[in-house]
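1. Sequence below, structure please.
(one chain, ligands or ions: 2)
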Amino acid sequence: MPDYYPMMLDVRGARCVVVGGGAVAARKVRGLLAAGASVHLIAPELGAPLADLLRQGSVTASQREYQRGDLAGAGLVFAATADAAVNAAVAKDARGAGLWVNVADDGPAGSFVTPAVVRHGPLVLAVTTGGASPALAARIAGELETRYGAAYGCFARWLGELRAHVRMTDMPEQERRRLLREALDAPPELWRDMPEDETTWMRVIERLQDGLNRRI
Ligand SMILES: C[C@@]1(CC(=O)O)C2=NC(=C\c3[nH]c(c(CCC(=O)O)c3CC(=O)O)Cc3[nH]c(c(CC(=O)O)c3CCC(=O)O)/C=C3\N/C(=C\2)[C@@H](CCC(=O)O)[C@]3(C)CC(=O)O)/[C@H]1CCC(=O)O
Ligand SMILES: NC(=O)c1ccc[n+]([C@@H]2O[C@H](COP(=O)([O-])OP(=O)(O)OC[C@H]3O[C@@H](n4cnc5c(N)ncnc54)[C@H](O)[C@@H]3O)[C@@H](O)[C@H]2O)c1
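-> Ligands and ions are numbered 1, 2, ... in the order given. Alright, predicted model coming up:
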């Protein structure tokens, strides 16, 4: 089993070719659309979820069997048909063309695997077992969802804005780092609403500095 290297990809606008139109393909497509990818499907038959997305114009499709040449212009490739020989052919063509490919029925045949994901705004929790037990990855992601719910997405967004504002001040680097760590324990009343102007941000920063001074 490979020692996978984890990373987060910006797929906005990238053409992602998904071969297959069943439940597994639909799960990959939902994740791709949530990340802003442009999805093209290749499958003779689409299940209800993907047929709906096609009708809504969220994806494009070639409603026929996979053919060599279908991967031209692809950024990422997903082989998710129920036919192992077709998935293997897609993997071979993609790798031959230097494209990254995910293979639903044979993880190691592809160049990457997809994790179980919890997403709240900028906060993304991704769990993988590298192919050992996808069901365990899903269970752990479910447990993380219980611990880190939607509020953490707001918190992460607020921390991102705070960080941008703190970086605009002339605060020394050491102090800036301490303040950004202090902010991790900020009470929800401080981050529930995003400040709308610079003055309010400065008040937030002063309050965090007060907290720091009390601790020293
Ligand atoms: C995490 C998740 C993300 C997603 O799909 O987006 C995901 N599989 C999920 C569910 C799931 N998959 C399977 C079951 C049935 C129970 C079981 O068999 O355990 C369930 C459970 C269910 O459906 O509840 C069967 C299965 N999966 C793979 C094979 C082939 C093989 O082992 O090589 C077979 C056997 C097929 C057969 O029957 O022949 C392969 C892969 N599945 C992966 C990811 C990659 C490894 C990730 C990792 O290990 O961390 C990898 C290698 C490739 C890939 O797809 O990227 C998603 C949970 C999402 C969620 O619910 O949150
Ligand atoms: N990685 C995972 O998470 C995971 C989970 C469960 C199962 N699987 C594997 O994924 C496979 C697909 O599962 P599913 O539930 O989506 O299957 P499914 O039977 O619902 O869908 C299969 C799809 O493949 C398409 N297809 C068949 N031949 C094709 C061809 N020549 N070219 C293009 N498309 C073709 C069909 O039209 C259909 O849309 C399963 O066979 C299983 O091996 C993977």
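2. ok, residues contacting the helix or strand containing residue 200?
-> Applying DSSP states H and E as the criterion places residue 200 in helix 198-215. Helix 198-215 is contacted by residues 161-162, 165-166, 169, 178-179, 182-183, 186, 190, 195 when judged by CB atoms under 8 Å, 6 or more residues apart in numbering. Backbone N, C-alpha and C define where each C-beta goes, glycine included.
3. What's the ChimeraX line that selects buried ones from the residues you listed?
-> Under the burial definition 16 or more other CB atoms under 10 Å, those of those that qualify are selected in ChimeraX by:
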select :162,166,178,179,182,183,186,190,195
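4. which ones are touching the closest residue to ligand 2 within the chain?
-> Proximity to ligand 2, evaluated over the chain using CB to the nearest ligand atom, is greatest for residue 22 at 2.2 Å. By CB under 8 Å, 6+ apart, residue 22 lies in contact with 43, 47, 80-82.
5. Any chance of a PyMOL selection covering the buried ones in those residues?
-> The PyMOL command for the buried members of these (criterion: 16+ other CB under 10 Å) is given here:
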select buried, resi 43+80+81
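6. What is the most widely separated pair among the contacts of residue 22?
-> Spanning the widest gap among those are 47 and 81, at 12.0 Å by CB to CB.
7. what are the ranges of the helices in this structure?
-> Here the chain has its helices, by DSSP state H, at 23-34, 48-55, 84-96, 134-147, 150-168, 173-182, 188-191, 198-215.
8. Turn those helices into CSV, columns for distance to ligand 1.
-> Formatted as CSV, the helices of the chain follow (distance: least, CB to the nearest ligand atom, whole Å):
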stretch, distance to ligand 1
helix 23-34, 5
helix 48-55, 14
helix 84-96, 8
helix 134-147, 3
helix 150-168, 17
helix 173-182, 31
helix 188-191, 28
helix 198-215, 35
